[in-house]
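Undergrad: The sequence and its predicted three-dimensional model are supplied below.
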Amino acid sequence: MRRAALVLLLAALAPGALAHDGVVHATPEEARAHAAATAQGLPLPLNLGGPFRLTDQHGMARTEADPQGHMQILFFGYATCQEICSAALPQMADVAAGLATRGVPVTPLMITVDPARDTLPAMKASLAKFGPGFLGLTGDAAALEAAYDLFQIETVKVFDDPESGPVYAHGSFLYLLDGQGRFLTVIPPILPDDRVIDMISAYAPAG
């Protein structure tokens with residue numbers, strides 16, 4: 001499994017958060033055991049990130065590099081998700097606002113795992129409530145799959161909800177990138193905003 005090394009590391013950080021990755025664990029011990037079983041022999045540290053080229057909800061091309069050189073908080077999800085996304089996306093916006101008060105600009109990014117429903121107009125409408133700086137990215141199947149591979153993301157359609165449509169299992173972690181799009185660290189989804197703000201502040205460029 002291409003995510004196994006990532007799962008092993010993150011199980012130690014936040015085992016309870018693994019439920020949204022497609023396997024539901026009753027206890028932290030069970031999560032750790034699953035992670036260990038799927039990650040035998042794989043090396044750490046993680047080798048994540050790299051170049052991608054997608055399109056934001058405004059129709060503008062976007063690569064892994066921020067045009068203004070800001071750090072970036074990246075999440076893989078979809079705008080209609082009612083589970084972890086409904087917590088992760090507002091948290092990303094709140095963290096970005098909190099960091100701005102410290103003079104640390106960051107750009108929140110969501111790469112869709114549901115491109116059929118996350119059209120540009122749909123993302124533009126759904127992400128507007130998080131502020132103008134929150135970007136949703138999509139692309140053709142090949143471009144999206146390349147981005148998933150860079151961060152070892154696997155997406156699985158769990159079932160079709162008769163009211164909201166397809167429900168996907170996908171990664172629940174945040175990825176911090178520098179202004180050039182280089183991977184810095186992983187942020188577990190269960191941390192409070194102030195802790196996330198402190199973590200990201202520690203990576204802020206001097207000056």
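TA: All right, it came through fine. Residues are numbered from 1 along each chain as shown.

Undergrad: helix or strand right after the lowest-mean-pLDDT helix or strand in the chain?
TA: Within the chain, no helix or strand scores below helix 28-38, which has a mean of 41 by mean pLDDT, DSSP states H and E. Per DSSP states H and E, helix 28-38 leads on to strand 53-56 as the next helix or strand towards the C-terminus.

Undergrad: what pLDDT, on average, does the helix or strand following that following strand get?
TA: Per DSSP H and E, the first helix or strand lying C-terminal to strand 53-56 is strand 61-63. Averaging pLDDT along strand 61-63 gives 98.

Undergrad: Tell me which other helices or strands the next helix or strand after strand 61-63 touches.
TA: Next helix or strand after strand 61-63 toward the C-terminus (DSSP H and E): strand 71-77. For strand 71-77, the elements it packs on are helix 85-101, strand 106-112, strand 174-177, judged by 3 or more C-beta pairs under 8 Å, 6 or more residues apart in numbering; DSSP states H and E. All C-beta atoms are positioned from the backbone trio N, CA, C, and that covers glycine.

Undergrad: how does the protein divide up, domain by domain?
TA: As assigned by automatic domain parsing, the chain contains the domains 4-38, 53-201.

Undergrad: which one of those domains has the lowest average pLDDT?
TA: Sorting the domains of the chain by mean pLDDT places domain 4-38 lowest, at a mean of 41.

Undergrad: List the contacts of Ser146.
TA: Not quite, residue 146 is Ala, not Ser. Going by C-beta atoms under 8 Å, 6 or more residues apart in numbering, Ala146 touches Phe52.

Undergrad: For Phe183, give the beta-bridge partners.
TA: Residues in a beta bridge with Phe183, per DSSP bridges, are Leu177.

Undergrad: could you measure it against Asp194, distance?
TA: Counting by C-beta to C-beta, to the nearest Å, the gap from Phe183 to Asp194 is 23 Å.

Undergrad: neighbour count winner among these two?
TA: Shown here are Phe183 and Asp194; by other C-beta atoms under 10 Å, Phe183 has more neighbours (18 against 10).

Undergrad: from what I can see that one touches Gln152, true?
TA: No - with contact defined as C-beta atoms under 8 Å, Phe183 does not reach Gln152; the gap is 10.9 Å.

Undergrad: what is in contact with these two at once?
TA: With C-beta under 8 Å, 6+ apart as the test, Phe183 and Gln152 both reach Leu48.
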